[in-house]
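[1] model this:
(one chain, ligands or ions: 2)
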Amino acid sequence: MRTVEEHRAAVAALLSPLPEEEVPLGAAHGRVLARDVTAAVALPGFDNSAMDGYAARWADVRAAPVPLPVVEDIPAGRTDVVPLAPGTVHRIMTGAPLPPGADVVVPVELTDGGTDVVEIREAPPPGSHLRMAGEDIARGAVALQAGSPLGAAQLGLAAAVGVGAVPVRRRPRVLVLSTGSELVAPGQPLLPGQIYESNSRLLVAAVEDAGGEARRLHFVPDDVDQFLATVRAELASADLLVTSGGVSAGAYEVVKDAFRGLGTVEFVKVSMQPGGPQGAGTVDGVPVVTLPGNPVSAFVSFEVFVRPALRRALGHLSPDRLRVPARLTGPLRSPAGRRQFLRGRYDGGTVSQVGGPGSHLVAHLARANCLVVVPEDVTDLPAGADVDVLLIEGALQ
Ligand SMILES: Nc1nc2c(c(=O)[nH]1)N[C@H]1C(S)=C(S)[C@@H](COP(=O)(O)OP(=O)(O)OC[C@H]3O[C@@H](n4cnc5c(N)ncnc54)[C@H](O)[C@@H]3O)O[C@H]1N2
Ligand code: MOO
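    Ligands and ions are numbered 1, 2, ... in the order given. Have a look, this model is predicted:
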């Protein structure tokens, strides 16, 4: 039996780092930076005002109340800079360049708002309301590190330092193929013994959440020829094929039967639950990961093996899910010798198990926001015990 770590390493080793491509900022949301992005300009780019008010010399306003002549008006966007003469002020707006000589901005609320002469009623401490050039980031410094995922704040920063396009890793192209003669497309009538095909929807979304580009192939029955024809028609264009079903010990294990003797896919048992039966290798040189068909097993196996491998290939700084400690609200049991990934709801401090350990409990899975990790050597945990949880999509929402 393989350990979880051994199989994780086997899956990760299948994928090479994805090639770089340059994309405009508008198309970069959710992508992962391939190289550091440096700041072409400092932020702030020039000394400027943090408030609407009056740029002044503190020596002139410290004796407030005091009237002072207003000799310039500096709206944001004014590009000429007129030095501030002693004994005068400039009216200034938030973000406008600070005139040389000014060492304080008096907010308009502390004045009478005059435009020719202003009455300074109160002086703020020296240096107040100034934003100094480069205090956020220096010109030429690394603004965003290679491996950073580009979310709202990162895209905002890239634009702020003048970047119009960014080098990112190409999204991995992942084929998703479900197998099973019992499967029927949602929306069609079911005969007794048939079920709706759901794993491909689950896996496509999981691939997309991991930063990949998923292509869902139409599911196939337990027929080796049909399975191989479907796979072969698409495989060459993919970075990875993920299958579901057909890998356990039954009489009709289509994935096992098709790939045995073809390529390098190894079928193994991993010491975990759910997700015991696994396979990984290459077919025609293309990486293949074969997940078990039970929906919760497919989800958990994707989380534990495929997601981190895809994110590693994307160059992510942190490919793994956040793992945090939590206190159990109730007792739980776990099989000896298997790492168990139970479904749970984490509320920021405690975690409650959602449903039992059965890998068919897909409605319970959909209510979970974490996976509770129970180590291989732990079989019983009382309420109040500390466990680790892996935060999955939607955690803390
Ligand atoms: N004798 C043994 N039987 C089983 C073993 C074993 O070791 N010895 N392992 C069990 C475990 S654990 C799992 S997990 C499953 C894995 O089986 P397969 O990967 O071969 O998957 P299937 O048999 O095709 O399906 C299992 C289960 O999941 C449903 N399913 C499959 N595909 C889909 C889909 N696309 N959408 C929705 N539901 C799907 C399927 O109907 C089955 O109920 O094997 C155990 N058996
Ligand atoms: O190990 Mo199977 O993957 O539970 O249900």
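[2] and Arg139, how many neighbours?
    Using other CB atoms under 10 Å, Arg139 has 14 neighbouring residues. Yep, even glycine has a C-beta here, placed from its N, CA and C like the rest.
[3] measure it to ligand 2 for me?
    Using CB to the nearest ligand atom, to the nearest Å, Arg139 is found at 54 Å from ligand 2.
[4] partner residues bridging the residue nearest in space to the middle of the chain?
    Nearest to the geometric centre of the chain sits Pro149, at 6.2 Å (CA atoms, centre = their mean). Following DSSP bridges, Pro149 is listed with bridge partners Val32.
[5] and it, how far from Cys370?
    According to CB to CB, to the nearest Å, Pro149 and Cys370 sit 20 Å apart.
[6] find the closest residue to ligand 1 in this protein.
    The nearest approach of the chain to ligand 1 comes at Gly293, 2.5 Å away (CB to the nearest ligand atom).
[7] tell me which stretches of the stretch 251-397 of the chain form helices.
    Under the criterion DSSP state H, counting those that start in this stretch, the stretch 251-397 of the chain contains helices at 254-259, 295-301, 307-313, 362-367.
[8] quick one: the helices in the stretch 1-150 of the chain, in order.
    Along the stretch 1-150 of the chain, the segments classed as helices by DSSP H, counting those that start in this stretch run 4-12, 58-61.
[9] nearest to Gln273, out of these?
    Relative to Gln273, the nearest member of the helices of the stretch 1-150 of the chain by CB to CB is helix 4-12, separated by 10.6 Å.
[10] which strands and helices sit next to the closest one?
    In terms of contacts (3 or more CB pairs under 8 Å, 6 or more residues apart in numbering; DSSP states H and E), helix 4-12 is packed against strand 277-283, helix 307-313.
[11] re the thing from before, show me what contacts the residue nearest to the centre of the chain?
    Applying CB atoms under 8 Å, 6 or more residues apart in numbering, we find Pro149 in contact with Gly30, Arg31, Val32, Leu33, Gly211, His316.
[12] adding neighbour count, pLDDT and distance to ligand 1, write those residues out as a markdown table.
    Output for these, formatted as a markdown table (neighbours: other CB atoms under 10 Å; pLDDT from 0 to 100; distance: CB to the nearest ligand atom, whole Å):
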| residue | neighbour count | pLDDT | distance to ligand 1 |
| --- | --- | --- | --- |
| Gly30 | 14 | 96 | 26 |
| Arg31 | 22 | 97 | 29 |
| Val32 | 23 | 98 | 29 |
| Leu33 | 25 | 98 | 35 |
| Gly211 | 21 | 96 | 23 |
| His316 | 19 | 96 | 28 |
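[13] would you turn those residues into CSV with distance to Gly337?
    Shown next, in CSV, are the contacts of Pro149 (distance: CB to CB, whole Å):
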residue, distance to Gly337
Gly30, 39
Arg31, 41
Val32, 37
Leu33, 41
Gly211, 34
His316, 31
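[14] thought Thr94 was touching Met51?
    Yes - using CB atoms under 8 Å, Thr94 makes contact with Met51 at a distance of 6.0 Å.
[15] neighbour count: the two, which is higher?
    Met51 (21 against 16).
[16] where does pLDDT dip in the chain?
    394-397 (pLDDT under 70).
[17] okay, now the domains of it?
    What automatic domain parsing lists as the domains of the chain is 4-17+171-313, 20-43+135-169, 48-131, 323-391.
[18] what residues does the stretch 251-397 of the chain put near ligand 2?
    Within the stretch 251-397 of the chain, the positions near ligand 2 by CB under 6 Å from any ligand atom are Gln273, Pro274, Gly275, Gly276, Pro292, Asn294, Ser297, Ser359.
[19] recalculate using a threshold of 5 Å.
    Along the stretch 251-397 of the chain, the residues adjacent to ligand 2 under the rule CB under 5 Å from any ligand atom are Pro274, Gly275, Gly276, Pro292, Asn294, Ser297, Ser359.
[20] highest neighbour count among those residues?
    Neighbour counts for those, by other CB under 10 Å, peak at Gly275, which reaches 28 neighbours.
[21] tell me who's in contact with that one.
    Gly275 makes contact with Leu291, Pro292, Ser297, Val300, Ser301, Val304, Phe341, Ser359 under the criterion CB under 8 Å, 6+ apart.
[22] including distance to Gly164, could these go into a markdown table?
    A markdown table is the format used below for the contacts of Gly275 (distance: CB to CB, whole Å):
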| residue | distance to Gly164 |
| --- | --- |
| Leu291 | 40 |
| Pro292 | 46 |
| Ser297 | 45 |
| Val300 | 41 |
| Ser301 | 40 |
| Val304 | 39 |
| Phe341 | 43 |
| Ser359 | 48 |
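[23] please identify which of those is nearest to Ala383.
    The closest of the contacts of Gly275 to Ala383 turns out to be Phe341 (CB to CB; 19.7 Å).
[24] if anything else comes up later, I'll come back, but that's it for now.
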